[in-house]
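>>> Please work out how this folds:
(chains A and B)
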Amino acid sequence: MRLAEGGTHIDRSRPLSFTFDGRAYQGFAGDTLASALLANDVRVVARSFKFHRPRGVFGVGLEEPSALVTIVRGPDREPNLRATEVQLSDGLVACSQNAWPSVRFDLAAINGWLAPLLPAGFYHKTFKWPRWSWYEGAIRRTAGLGRIAGTADATRESKRFHHCDVLVIGAGAAGRAAAEAAAQRGADVTLVDSGRIATLPNVRALPNTTAIGCYEDRLVAAIERIGDRQRLWKIRAAEIVFATGATERPLVFENNDRPGVMLASAVGAYLERYAVVPGRNVAFFTNNDSVYPIAEALRSRDVVVSTIVDTRRDDAVLDSRRVDCDVLAVSGGFNPNLQLFSQAAGKLRYDEKLAAFIPGEAPPGLRCVGAAAGEIDGGVAPRWRSPGNPRKQWVDLQYDVTVADVELAAREGFSSVEHLKRYTSVGMAPDQGKTSDVNALALLGEITGRAIGDVGTTTFRPPYHPVTIAALAGARTGSLAQRYRRLPVAWHEKNGGVMEDHSGWLRAAFYRRDGESEAQAIAREVRAARFGAALFDSSSLGKIEVFGRDAAEFLNRLYVNNVKTLAPGRLRYGMMLGENGVIKDDGVFGCLAPDHYLVCTSSSGARDVAFWMEEWRQCEWRELDVRIVPQTAQWATLTVSGPKSREIVARLGVDIDLSAQAFPHMHVRSGSVALKGDPQVRVRRASYTGEMSFEIDIAAEHADLLWSRLLELGAAENITPLGMEALDVLRVEKGFLEVGVDTDGETTPLDVGWGEAIAKKPEDFLGRRSLSRPAQQRADRLQLVGLQPEDPQLFLPVGVHAVDDAGAPIGHVTSSCVSPTLNRSVAMARIRGGAKRSGEVIAIDIDGTRHRARICDRAFYDPQGARLNG
Amino acid sequence: MAELDAKRLLTGTVSTLQDLVGWRPPSEPNTSAHTPDGLCLWLRPDQWLLFGGIAVRHRGSTAVLDVSSRWTTFTVALDALAAGCSLDLRERAFAVGRCAQTRIEQVPVIVHRRSADQFDVLVERPLAHYFGLWLEAVGK
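This is a model prediction of the structure:
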C-alpha cells in the first residue's frame, strides 16, 4: 500500500497508468515497476525457475532474485527484467513469465510437489541414459526463463568509449564523497550509478548506468539505460573507486521464499523512496542491528510492526513461536559488493566480525570505499540455517537451490566451492548469486567442518548484472553485422552479379541473365574466356611492393623459386613456405626494376603475407636494405582473358607495345592509358584461366571507368563479365591449384609436384630444411593429382573420399567440376602416393556407392600451355 | 579537384627522405607536420602519409608511392568517433595535429585530429562502404 505522504523518489503530481498481466494499475513518476506493484498490493509477480513456486518482490535493486518480468513493447518483448530496475512509464505493459496458465495458478508448480525427486544433479544423473538427446527437446521447452519475441529488433543499441582520471562506481554517500574529493584536487572524474545521481560540481555523472565488468588496465564496461534503449560504455580510468555498497543477505529458514518475505533493507527503501509498505503488518527476523531503525521508521508512519525476532536474543524460542504478519523482513548481515573489484584482480579476505568477505590487497589504481570497504555497522551474529526441512529452506532463490542441495553436494564429495557451484548451480543464475553468496559457502563450511575463510569464494566473472546480446552488439547488427571488403567497381551488383563472400570480399559468383540457370550462366562465362574474351575484376589480388638494394635477396629467401635470375620486366609464378615447409601462399611476382619488385598474393593471403614479410625484415634479416608496402587497396586489377583479349586491350590506347614478341606471357609493363587524366597502368601477362590474359592494375578511383570502357571496346567480341564460379572451373580445367583448397596445413611443394624445380635452386629459402625431413619424403604422402571419373558426367563432390579395396580412405577430392570445355567431369584430389600412380583406377565413395576414377595428370586442358602464349 | 585529394606514402628514414624530397618528415611518433608539399602524418618509424601530390619516385629502399586511391577520408565529429574509437580523445592526450592508427569496430583506420571537434578518419577503400554505413548508424 502507498502511504498518503512522503517518498523521496516519486512525483505525486504525475500519476502513471500501467498494466501487469492485463490488469490496469496506477503509479507515480519515479516509481519502479516493483514499487508500483507493491503500492497496488500485488504480492505474487513471478514463478520460480525450477519448482515454479509463487514469488513476490524480494529486494529493491539489482540484487532482486525473484521478481523477474517481461516488458512488452508492441511486437518486441524484453524478458527477465527485474521489476526493481524497470522505471515506470505511462502505458507500460508488463507481464509475468515462467508460469502457465497464470502466475497465480501455475500447472508446473507440480515440480514443487516432486521436489524430493528433483535434487541437484537430477538431470545429469537421470537423463544421460541411453542418451541426453532423447530428452533434450522436452526439457529445453520447460527449462529456461522468459521468452524473447523471436523477431528482429527494429532499433540498434549504441556504444561509447570514454576516458577519465578517476571513475567512481556507485553514487551513495561514500561514492559521492570520493568523487567530490577527486574533483577538488583537479582530476577528471566520472561517476556511474545504476540509479539516479544528484549533480556534483566538476563531475561527469552517468545515472542509470550499471557497471557490468571490470577488466585489465582499469577498463570498465557499463550499460546505460536510456528509456527503452541501451548504451554500452567502455570506460578507461587511471583510478577506479569502488563505492559499490553492500547487499543484505537473507536468512535461511523454512519457506523463506514465500511472497511477503523480503530483505529488511528493501522494506526500508520502499518506505523512504516510494512511501510504499508491502503489507499491513510487518515482522522482522534478524541477526544484526540494521533492522531497528527501519522498524522505528515504519512505526513512526503508523505501520504495525508486530514483532522483531532477533536470533542473538530469541534463538531458543524460534521453533515454537507463532507470529502473525503479512510481511516478514529479514536480515542476515551484509556482503560488500566486491564482484567488480574481484574481477579486476582485487583480493578478498574473510572478516569474522562482519561475517563477510572484505577487500584485501588491491592492484594499483583500485580502491574500495564505504560499505564496499567493509564499513558496515551491525554486530552481526551469523546464523546460517534454521531447524526444519532442508528441502524447504532456500539458499539461492533464483535457481531454486535449497539447503538439501548443498548437503547432497557435500555428501557426494563436492567439497570445493567451485564444485558446489557447478553441481548445485548455486550462484550461477542471472543474478550471479548476489543474495546467496556467503550463505552457501557458510553452509558448505558448516557441513564439511571448515571455516568460511578456508572454503573461500568462487571466482567472480563478468557480467555483474545480466546484459542483452543486443547491447553488446551495438551498431553491428543487420548490414553491419559482417564486415565485407568491396571491389572498386560498382557495376557488378547492379548488373546481375550474385555477390558472395570470398575471403572477406564481396565478389560476383556469377552474373545472372534472364532465363538462365546458375549452371548455364557459369558455362557461358567459361566459354567466353576459352573462345572469345572475358572481363574479370580481380582487384582483391594481393599486391605488395618491395623496394631496396636487397629486394631480390630478401625475396629469394622467401620464395622456393630463384628470384635472383628474374630480369626486369619479367614475372614468375612462385610459392612461399612456412618454416615447417608447408605451402603458405602462392602467386606471381615480378621484377619492375633491380631495386623494385612486385609480389602478388592470393586474395586471402594479402594481409598475412605482408605482416609475415615485415616480421622477417624487422626481426630476423635486419641487415637487408628493403622496405615493404602493401598496395592492394590502391590498385584495382581488371583482367581481360581469352583469345581475343589482345585486340580489345589494344583499343584502350595504352602506350605499351602489346605484341606477342614485345610483351610475351609472364612479363610486366608499365604505361598510361587514354582515359581521363591519362592514369598510370601496370599490365601483367599472367593467367589463372589458361588463356592469354592481360591483368591491368589501375588506381582504384579509375576502376569503374576502365571497366565500362573495356565492356564497350569488347562489345564486338561479346566480352563477358566472369564470376568466381567460372574462374574456378577454368583453373580446375587447367589443374591450377588453389592454396587452402587443394592444399592444407600439411601440404609441401613436394606433394604438388615441385620437387625437381626446387632442387635446382642453389640458395637456401624458408622451409627448405623442413622439406629434407624423412617424413616429408615418404612415398605414401597425400599428393595432388588429377582425377577423371569413368562416367564422364559424374560430378565428384569436393571432400568425398577415395578408398582402397578394404574401404579404407586413401585420399579425397579437393576441387571438381563438370568441364563445359571438355564436356566431362574432372577433379583434383590428394591421394596417398598419388604422384607415382598415374593411370591407376581407384574407387571413389559417394554416400556409400563406389565409383571408378582414373588418376591422371592435372592439366586436363591445353597441357602444353600453348594458349597462354598467343 | 583530384589533385586536392592526392596522397603519397613515404617510406625510408627521416634523412634518406630528406635527401629524396627536400624536407624532413616529422620524427615524433603520432604527430603531423606541415611541409612545403602538404600535411605529413607520421605512421610508423619508416612510413609517413603526405596529403599532397608530389612525384612518385624511389631511390633504393626510400620511396614515394601514390596512395590517393588507397584511403578514403571521412570527416568525423568527436561524438561519433567516440562511439567506436577506443583511443583517449581528450585534448590533453590527443591534441590537434595528433594522428594514430587504430581500429574502429572491425575497420583499420588512421585518425588525425584536424581541430577540437573535427577528425580525419582514413579508411582503406574496400572497407569505406562498411565504415560509411557504420557512421550513418551511429549518427542516428
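>>> going forward, measure contacts between C-alpha atoms and count neighbours the same way
OK.
>>> tell me the contacts of the closest residue to A:Gln87 other than its chain neighbours?
Closest residue to A:Gln87 apart from its sequence neighbours, by C-alpha to C-alpha, 6 or more residues apart in numbering or on different chains: A:Thr32 at 4.5 Å. Applying C-alpha atoms under 8 Å, 6 or more residues apart in numbering or on different chains, we find A:Thr32 in contact with A:Ala83, A:Thr84, A:Glu85, A:Val86, A:Gln87, A:Leu88.
>>> Can you check what pLDDT the model gives A:Thr32?
What the model reports for A:Thr32 is a pLDDT of 96.
>>> Mind splitting the chain into its structural domains?
In the absence of a named chain, chain A is used. Domain assignment for chain A, taken from automatic domain parsing, gives A:155-248+A:333-378, A:384-469, A:485-539+A:635-730, A:542-630, A:735-868.
>>> my bad, the chain I had in mind was chain B
B:2-66, B:71-139.
>>> mind giving me JSON lines with those domains and columns for mean neighbour count, mean pLDDT and distance to chain A?
Output for those, formatted as JSON lines (neighbours: other C-alpha atoms under 10 Å in any protein chain shown; pLDDT from 0 to 100; distance: least, C-alpha to the nearest C-alpha, whole Å):
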{"stretch": "domain B:2-66", "mean neighbour count": "19", "mean pLDDT": "94", "distance to chain A": "4"}
{"stretch": "domain B:71-139", "mean neighbour count": "19", "mean pLDDT": "96", "distance to chain A": "4"}
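>>> Just give the nearest non-adjacent residue to A:Asn556, would you?
Counting by C-alpha to C-alpha, 6+ apart, the residue nearest A:Asn556 is A:Val563, at 5.0 Å.
>>> burial measure for that neighbour, as a count.
The number of residues packed near A:Val563 is 23, by other C-alpha atoms under 10 Å in any protein chain shown.
>>> Kindly report the same for A:Glu516.
12.
>>> from what I can see, it looks like it's in a helix, true?
No - under DSSP: H, G, I helix; E, B strand; the rest coil, A:Glu516 sits outside any helix and is assigned coil.
>>> gap between A:Leu535 and A:Val640?
Per C-alpha to C-alpha, to the nearest Å, A:Leu535 is found 5 Å from A:Val640.
>>> Between the two, which has more neighbouring residues?
A:Val640 (31 against 26).
>>> Enumerate the positions of the helix or strand harbouring A:Gly453 that are buried.
Here A:Gly453, judged by DSSP states H and E, is contained in helix A:452-455. By neighbour count on 16 or more other C-alpha atoms under 10 Å in any protein chain shown, the buried set for helix A:452-455 is A:Ile452, A:Gly453, A:Val455.
>>> ok, so of the residues you listed, who is nearest A:Gly370?
A:Gly453 (22.0 Å; C-alpha to C-alpha).
>>> Look at the closest residue to the closest one other than its chain neighbours and give its secondary structure.
Closest residue in space to A:Gly453, ignoring its immediate chain neighbours: A:Tyr350 at 5.2 Å, by C-alpha to C-alpha, 6+ apart. With three-state DSSP as the basis, A:Tyr350 sits in strand.
>>> Verify the stated contact: A:Tyr350 with A:Ala451.
No - taking C-alpha atoms under 8 Å as the definition, A:Tyr350 is not a contact partner of A:Ala451, at 9.6 Å.
>>> With neighbour numbers in mind, choose between the two.
Neighbours per residue (other C-alpha under 10 Å) separate A:Tyr350 from A:Ala451, with A:Tyr350 holding more: 19 against 15.
>>> I'd like to know which residues of chain A are adjacent to chain B.
When proximity is defined as C-alpha under 8 Å from any C-alpha of the partner chain, chain A approaches chain B at A:158-163, A:475-476, A:480, A:483-488, A:547-549, A:595-596, A:625-627, A:631-635, A:699-701.
>>> For the stretch 551-700 of chain A, which segments count as helices?
Per DSSP state H, counting those that start in this stretch, the stretch 551-700 of chain A carries helices over the ranges A:551-558, A:606-615, A:645-651.
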